[in-house]
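[1] A predicted structure for the sequence below; I have some questions about it.
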Amino acid sequence: MCPYAQKAWIALESSGIPFDIREVSLYGPGGKPDWFWKLNPRGTVPIVTMNGENNVYADSELILDAVGDISEGILTRTADLSDKEQTQVSRWREVISKQLAPVGKSAVLGGSMPKLRSLLKEMNDVVVGPYLCGERMTLADCAAFPFLWRIDQDYGIEGDGEEKLRDWLKVCLETDAIKRTVVRNWWWWW
């Protein structure tokens, strides 16, 4: 399970919207099935279809946006957030995609672990708690969990200045919708 698919899965699990998952093999004999290529000629995962094959979302960020607009579960609907909360959610999603992914990749591939630790401390400073943006689960939590959980699995998130992130991970792992997406076989995001 890649983190991009996992964040879409978390959003779906927490939305209260009925859904079905169809996993595809990314590599190996046979490759992706024809139905998959028809829905997404680029071949990237994840993809989500809503209302049949008329609405296809082939990017995890677009999937989060679509699910956030119609959530009926513990995931707070985007329209129900204050302007301040919407700004916080957008900022978290940007930090994950534009900062954590490249810095994390570099650290995992033998690059700068101090740079990753520094970024984690910066992120720690803006955790509101118990979820990233406050009392309610938002798309920020969906976007962040797969990446931060993987970092925690291999390197730990437990140092000085990482306490709020550690507490947030514990809350996430106690949240059923997130817990259901934690799988034994996972891989990094590149």
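    Sure thing, it's come through. Residues are numbered from 1 along each chain as shown.
[2] Can you point out the buried residues in the host helix or strand of Asp167?
    Under the criterion DSSP states H and E, the helix or strand holding Asp167 is helix 163-173. Using 16 or more other C-beta atoms under 10 Å as the burial criterion, the residues of helix 163-173 that qualify are 164-166, 168-169, 172. For the C-beta atoms, the positions are set from N, CA and C on the backbone; glycine is no exception.
[3] Now render those residues as a markdown table, adding pLDDT and distance to Trp92.
    Putting the buried residues of helix 163-173 into a markdown table (pLDDT from 0 to 100; distance: C-beta to C-beta, whole Å) gives the following:
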| residue | pLDDT | distance to Trp92 |
| --- | --- | --- |
| Lys164 | 98 | 13 |
| Leu165 | 99 | 12 |
| Arg166 | 98 | 17 |
| Trp168 | 99 | 11 |
| Leu169 | 99 | 14 |
| Cys172 | 98 | 13 |
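[4] where does the closest residue to Gly43 other than its chain neighbours fall, phi/psi-wise?
    Spatial nearest neighbour of Gly43, excluding adjacent residues (C-beta to C-beta, 6 or more residues apart in numbering): Lys32 at 6.1 Å. Here is the backbone geometry of Lys32 (degrees, to the nearest 10): phi -80, psi 140.
[5] Would you check that Lys32 makes contact with Glu23?
    No. Look at Lys32 against Glu23 with C-beta atoms under 8 Å: they stay out of range, at 10.8 Å.
[6] which of those two has more neighbours?
    For Lys32 versus Glu23, neighbours defined as other C-beta atoms under 10 Å are more numerous around Lys32 (14 against 9).
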